[in-house]
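**Q** A predicted structure for the sequence below; I have some questions about it.
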Amino acid sequence: MTTAPIVLLHGVGLDHTMWDPFVHAVGHLTDRPVVTIDLPGHGGQPPLLQEVGLADLAEDVLSRIPQVSHLVGFSLGALIGQHVARFHPDRVASLTSVSSVCRRTASEAAAVSIRLEMGGRDFAGSVEASIKRWFPEGSGVGPELIEATRNTLNANNVSSYLHAYRVFATGDAVIGPELERIHVPAFAVTGELDPGSTPEMTRRLGEAIAGSRTAVVPGARHMLPVQEANELARLVTGFIDESTGASDA
């Protein structure tokens, strides 16, 4: 039987290269193939020219990934992964949601709406705000990785970025009512100090998806695949192997 690959879905405004530290770490722990792609409107994909919904992004991703895979989504990528797992479970061997939002409260929804509005009004300022939020002093992330993240964000087509960010800002309201209908093996993990994808949101996600496992990484913030690549790789590969069997038998 062919081993199902691990497919990595990045966050809004980023591209597949954000996973580089994680992919390196995973390579020391498993022989499973790893596939990284750029989400619609990101990296090497054409910009988004009009408003889109979570289902649109999910269908595009489905057209470009292997037939069956272990989906690992980060932030916006996690919402896309959840949508795929709900409506196309035959394509998902397991689902890992990294730094995912879940059923935002009114105040949490208001906070992300403010960030969306800022992105349209002052894109450069919103990039710097993201960098400071993700990589505060003492984060332990090297300056070269921080600069690479900044460059990726600044390279975005602003209109396309805003279309994608609107999906991120509203997508949890779309998939939230459907979470109980996800029945694939699931795992949710976030950083202890993530102010946007909080441990409480991971708890909500774990309670909504029957049998879901959860974890909170101490001292970590939003960019788990960069800040805590080794620990995240250990958690994700362990979950995949324990929940589906190392050979996918």
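**A** Okay, I see it. None of the values given here were measured: they were computed from a predicted structure. Residues are numbered from 1 along each chain as shown.
**Q** Give me the phi and psi angles of the residue nearest the centre of the chain.
**A** Using Cα atoms, centre = their mean, the residue of the chain that lies closest to the mean C-alpha position is residue 74, 1.1 Å off. Torsion angles at residue 74 (phi, psi; degrees, to the nearest 10) stand at phi -110, psi 120.
**Q** Use 19 as the first number from now on
**A** All right, first residue 19 from here; so that's residue 92.
**Q** so it touches residue 117, yeah?
**A** Yes - judged on Cβ atoms under 8 Å, residue 92 makes contact with residue 117 at a distance of 5.7 Å. Yep, even glycine has a C-beta here, placed from its N, CA and C like the rest.
**Q** what is in contact with the two at once?
**A** 29, 242 (Cβ atoms under 8 Å, 6 or more residues apart in numbering).
**Q** Show me what the longest helix that the chain contains is packed against.
**A** If you go by DSSP state H, the chain has its longest helix at helix 176-193. Judged by 3 or more Cβ pairs under 8 Å, 6 or more residues apart in numbering; DSSP states H and E, helix 176-193 is in contact with helix 72-80, helix 94-105, helix 124-139.
**Q** And for the residue nearest to residue 204 when sequence neighbours are not counted, the neighbour number?
**A** Nearest non-adjacent residue to residue 204, counting by Cβ to Cβ, 6 or more residues apart in numbering: residue 230, 4.1 Å away. Residues lying near residue 230 (other Cβ atoms under 10 Å) number 19.
**Q** Same question for residue 168.
**A** As a burial measure, residue 168 scores 15 neighbours (other Cβ under 10 Å).
**Q** what about residue 94, distance to residue 186?
**A** Distance from residue 94 to residue 186, counting by Cβ to Cβ, to the nearest Å: 4 Å.
**Q** Compare neighbour counts for these two and give me the winner.
**A** Higher neighbour count among residue 94 and residue 186: residue 94, with 27 against 24, using other Cβ under 10 Å.
**Q** Might one say that the more buried one is in contact with residue 188?
**A** No - using Cβ under 8 Å as the test, residue 94 is too far from residue 188 to be in contact (11.0 Å).
**Q** Many thanks, we can stop here.
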